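Trainee: only the shape, not the letters, is given here:
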């Protein structure tokens, strides 16, 4: 007879703890839309933590933050990040095993897909996607994606 109360207690505990454990597996993503220029000059100070990475990957001289956004999603799951200037990221989280997050990213502007890419994100390590021209001289857009 003691088995039934124990089973009921265990079911209650798992019902309360289960959602909290699943929430711990959520992926927190931030993204920044950047305008990159070949012209030397001061970069946006908000991009200071990423400036060396942007220079190395894009080979541009100065950078300006255009917009930013964030989302939280549960793998497998989908989310959207609005970046400003008509840009957004559609993100599909595939898994989060071994300390890295596997995601599929679709970069869109005004409903038009600019790029699709698969990324493996490690927490705190920025991934940079180079994109189309901004329409201002030789400037281009780039997106920085960071998992937290």
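Mentor: Thanks, I have the structure now. The shown structure was predicted, so the numbers you read here are calculated from the model rather than taken from an experiment.
Trainee: contacting residues for residue 35?
Mentor: Neighbouring residues of residue 35 by CB atoms under 8 Å, 6 or more residues apart in numbering: 63-64, 66, 134, 136, 139-142. C-beta: built from backbone N, CA, C; applies to glycine.
Trainee: among those, which ones are buried?
Mentor: By neighbour count, with 16 or more other CB atoms under 10 Å, the contacts of residue 35 hold 63-64, 66, 134, 139-142 as buried.
Trainee: out of the contacts of residue 35, which sit inside strands?
Mentor: In strands, judged by DSSP state E, the following of those are found: 63-64, 66, 140-142.
Trainee: redo those as TSV? Include pLDDT and distance to residue 90.
Mentor: Conversion of those to TSV gives the following (pLDDT from 0 to 100; distance: CB to CB, whole Å):
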residue	pLDDT	distance to residue 90
63	98	24
64	97	24
66	97	18
140	96	21
141	96	16
142	97	18
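Trainee: tabulate these (JSON lines), appending distance to residue 81.
Mentor: Output for those, formatted as JSON lines (distance: CB to CB, whole Å):
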{"residue": "63", "distance to residue 81": "19"}
{"residue": "64", "distance to residue 81": "19"}
{"residue": "66", "distance to residue 81": "13"}
{"residue": "140", "distance to residue 81": "19"}
{"residue": "141", "distance to residue 81": "14"}
{"residue": "142", "distance to residue 81": "15"}
